[in-house]
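Peer 1: Everything below, folded, please.
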Amino acid sequence: MIDFDVIRRAVGGSKWDDRPEIIAAAFTRRGEMLHSLTTRTAGRCWFIVMAPTQAERDTWQAALGPLSSVMMMETPAAVCIERIGRDPDRAPVAARQIEAVRSWITEAMD
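Peer 2: Numbers count the residues shown, from 1 in each chain. I've put the predicted structure just below:
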């Protein structure tokens, strides 16, 4: 699984760390992980990314190649927001994450 939140921790940050140096290191590591998939001949990988628009999903589909499948999880915004509110670990970033959910929904509906 290629999950940016997990990668942030692997490069020395916390799950929701937004320090520029952590974000840059995490993007670099994620790129390395994605690139490594081009030489794999067996196995499966789940890659989690926020891509609210069809254009973004099409871009990822093209980048990942013909053997990949892009799927959108259609979790209602209210459920996402409720889960954020219930998770005490998210308290420091809850407002930012709730705004991200609302922004994602707005972009997805355009």
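Peer 1: now the strands for this protein?
Peer 2: 2-3, 47-48 (DSSP state E).
Peer 1: care to break the chain down by domain?
Peer 2: As recorded under automatic domain parsing, the domains making up the chain are 1-48, 67-110.
Peer 1: just so I know, which of those domains lies nearest Gln61?
Peer 2: Closest to Gln61 of those is domain 67-110 (Cβ to Cβ; 4.7 Å). C-beta coordinates here come from the backbone N, C-alpha and C atoms, glycine included.
Peer 1: what does the average pLDDT come to for the closest one?
Peer 2: Domain 67-110 comes out with an average pLDDT of 91.
Peer 1: ok, back up a step: which of the strands of the chain sits most buried?
Peer 2: Ranked by average neighbour count under the criterion mean count of other Cβ atoms under 10 Å, the strands of the chain are headed by strand 2-3 at a mean of 16.
Peer 1: State the mean pLDDT of that strand.
Peer 2: 90.
Peer 1: Indicate each strand paired with it and its parallel or antiparallel sense.
Peer 2: Strand 2-3 sits in its sheet next to strand 47-48 (parallel), going by DSSP bridges.
Peer 1: how far is the strand it pairs with from where the chain is centred?
Peer 2: Its chain's average C-alpha position is 6 Å from that of strand 47-48, according to Cα atoms, centre = their mean, to the nearest Å.
Peer 1: same question, stretch 76-88
Peer 2: 16 Å.
Peer 1: Contacts for that stretch, please.
Peer 2: 90, 94, 97-98, 101-102, 104-105 (Cβ atoms under 8 Å, 6 or more residues apart in numbering).
Peer 1: On the pLDDT front, check the residue nearest the centre of the chain for me.
Peer 2: Closest to where the C-alpha atoms of the chain average out (Cα atoms, centre = their mean) is Val49, at 3.0 Å. pLDDT for Val49: 86.
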